[in-house]
Every structure is written in structure tokens, then in C-alpha cells.
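Trainee: structural data only, the sequence is not supplied:
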């Protein structure tokens, strides 16, 4: 039953993440850097403490009392993850929501799922599952098979992207994606996927704070909410510096006070997007508390985001105008990613 609830929570979180970009499409007259940082204030600075206040009594004291090394490493993982988040936007720009998310989050899922277990192989920690442990039992082997199937699905999605580029270069219809660039997009997507996986490492680094919250009587279901505060400070730092630089470079500081734009609506939609973004990890934390922060949790979460983003890609008609072969290849990739979710779920239940 715990595994079932874990998968359910991950699915809800994945849907939230896969959909968070949609409210941004309602923002009018603001540059990307302006609405991105406004949404970021909600997702990284405002909403996380509210969630912690509602679920972790005394969370400020837990953070204050935590060993400085724990806070420093957790914050540093957030800084690195923040760079991955920034390049994610470029990856989606050049590859589209469907393909961009498939590749970026596919690499993120693979690295985030496997690297912690490999790390614990060299530096064992009581209660943590190492790569060797996963190889030694049927459930772990199925989880690893699920990771492999996910990577094959990513490769199929990449192949679909190559076919899509060929289709567009031969005959570009009016509604095709004019910014599509496979080479630029793939380079950025690989970098973004690897760096974005550091969020998972940050959760591991902040575990002592989560454990302390449970020891003091907090519901284990919400234990990661205290870790998120420190981790997301890192992400906020990276994104704030970059967005302020772009505001300065592009002379877009005036967006925030431009009466010619719907300031209230823009702020509202940015706030909704930012809140939806945070909810992905709010529910991820709930699922992780049931399944553990191993390969199964991370790949379930990321695969659900990939699927949700692709459904939005269909809705936005990103694949209209491509050949039947291209579309079939893309569906095969999505089908394999979906199969990986099933394999990981079965493996975790054994």
C-alpha cells in the first residue's frame, strides 16, 4: 500500500511539473526573465516556507541547528541545479515542449536515479540502497531494467527529433516550430539534464534535517519540506543573478511597473506557475517518504513529468506537419518511457 501511495504522489507531482509552464503562456508584454523570476520568488522563496510552516513545527529551529556542512552542501546542490533549470528553458525553446522535456528530463532521471546508489556503493550509509544492493535482488533488478528502458525511450525520442528536423527542412508548414534546432537543443538538453539531477543529490545532502524533523514528531510524509527551503535558496540565487543580468542587458526592468501591460494578471499567472512548480516537489517529497529517495522515486517522478509535457505538446500541435514515420517513432519513445514507470513500480513493490 505504501508503494501504491508513493507512485500516486509522484504522478500528481509529475503532472504539476509538466503543466507548470502553461500559466506563463498567459503573461502578456513581459520578457522571459521578468515573468520567470516573479514565478521563481513564489516557487523558491514564498511557498516553501509556507508549506514547511503548515507541516513541520519548528522548521526554522531545525535549519538553524543543522550542521553547517549539511546546509552548505544542500545549498550548493541547489546552485548547480539552478543552472540546469535555466538551461532547461533554452532546451524546450529549441526542441519544443514534447521533445525538449523528453530529453532534458530523461537525462535528469537517469543521472538522478543511479548516481546516489553508485555513491553509496563507495561510501556506504546505513539504510541507503547501493548499486550492488539493487543488483542482488529481483526488485532492484527490475528497477534498473526500468531505468534502461527509460534511456532507450529517450533515444527513440531523440531519433524522432532528428526525423522531425528532416521533415521541417524539406517542407516547412506554416504551423511548424520555426525555432526548432536539433543540434543546439541536444547540447543544451544534455547539459541541463545532468545539472538538473543535482536536485536529487540535494535531497540526499539535506536528509539530516528531514530526519530531525521526524525525530521531533513531524509527519514523515512531509519531512522533506524543511530540506527544500535550503535547497531552493540555492536555485533562487542562480536564477535571480541570471534574470537580473538579463533585465539589465535587455533593459527590461521596466516590465514590473509598465502600466501598458496587465501587471496584476501577469503577476497572478506567474505566481500560479511558480506555485505549481513547487507542488511537484511537495508531492515528490510525499512519494519519497513512501518509496525512499532511490532510483524508483526519481525516475517515476521524472517520467510522469515527461509524459505530461508530451500531452501538452500534442495539445499545442508541436508535432503537426511531421511524417507518419516521425510520429510513430515519437510514440514508441513515449511508450517505452511509460513502460519504464510500470517496471519501476513493480520492482519497488517486490
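Mentor: Yes, it's here. Keep in mind it's a predicted model, so treat the numbers as computed, not measured.
Trainee: could you report the separation of residue 318 from residue 326?
Mentor: Residue 318 sits 12 Å away from residue 326, going by C-beta to C-beta, to the nearest Å. Bear in mind the C-beta positions are built from the backbone N, C-alpha and C, glycine included.
Trainee: again, but for residue 195
Mentor: 29 Å.
Trainee: also residue 50?
Mentor: Distance from residue 50 to residue 326, counting by C-beta to C-beta: 44 Å.
Trainee: more neighbours: which of those two?
Mentor: Neighbour count, other C-beta atoms under 10 Å: between residue 50 and residue 326, residue 326 has more, with 21 against 13.
Trainee: so who does that one touch?
Mentor: 160, 163, 164, 166, 167, 319 (C-beta atoms under 8 Å, 6 or more residues apart in numbering).
Trainee: gap between the helix or strand that contains it and the chain center?
Mentor: Using DSSP states H and E, residue 326 sits in helix 324-349. Remark: helix 324-349 is offset 18 Å from the chain centroid, using C-alpha atoms, centre = their mean, to the nearest Å.
Trainee: same thing with stretch 257-264?
Mentor: Relative to its parent chain, stretch 257-264 has a centroid offset of 30 Å by C-alpha atoms, centre = their mean.
Trainee: could you pull up the mean pLDDT of that stretch?
Mentor: Taken as a whole, stretch 257-264 has a mean pLDDT of 94.
Trainee: buried stuff in that stretch?
Mentor: When burial is assessed from 16 or more other C-beta atoms under 10 Å, stretch 257-264 yields the following buried residues: 261, 262.
Trainee: one more: stretch 315-326?
Mentor: Buried, per 16+ other C-beta under 10 Å, within stretch 315-326: 318, 319, 321, 322, 326.
Trainee: among these, which are in helices?
Mentor: Counted as lying in helices by DSSP state H, out of the buried residues of stretch 315-326, are residue 326.
Trainee: can you redo the buried residues of stretch 315-326 as JSON lines with distance to residue 118 and pLDDT?
Mentor: What follows is the buried residues of stretch 315-326, written out as JSON lines (distance: C-beta to C-beta, whole Å; pLDDT from 0 to 100):
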{"residue": "318", "distance to residue 118": "35", "pLDDT": "71"}
{"residue": "319", "distance to residue 118": "36", "pLDDT": "75"}
{"residue": "321", "distance to residue 118": "42", "pLDDT": "79"}
{"residue": "322", "distance to residue 118": "38", "pLDDT": "81"}
{"residue": "326", "distance to residue 118": "35", "pLDDT": "86"}
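Trainee: among the buried residues of stretch 315-326, which pair sits farthest apart?
Mentor: Spatial extent of the buried residues of stretch 315-326 (C-beta to C-beta) is set by the pair 318 and 326 at 11.7 Å.
Trainee: can you give me the angle the helix or strand where residue 147 lies makes with helix 324-349?
Mentor: If you go by DSSP H and E, residue 147 is part of helix 138-170. With axes from the mean of the first three to the mean of the last three C-alpha atoms, to 10 degrees defining the directions, helix 138-170 sits at 160 degrees from helix 324-349.
Trainee: mind checking how far helix 138-170 is from the chain centre?
Mentor: For helix 138-170, the distance to the chain centre is 18 Å (C-alpha atoms, centre = their mean).
Trainee: quick one: buried residues of stretch 206-224?
Mentor: Neighbour-count burial for stretch 206-224 [16+ other C-beta under 10 Å]: 206-214, 218, 221-224.
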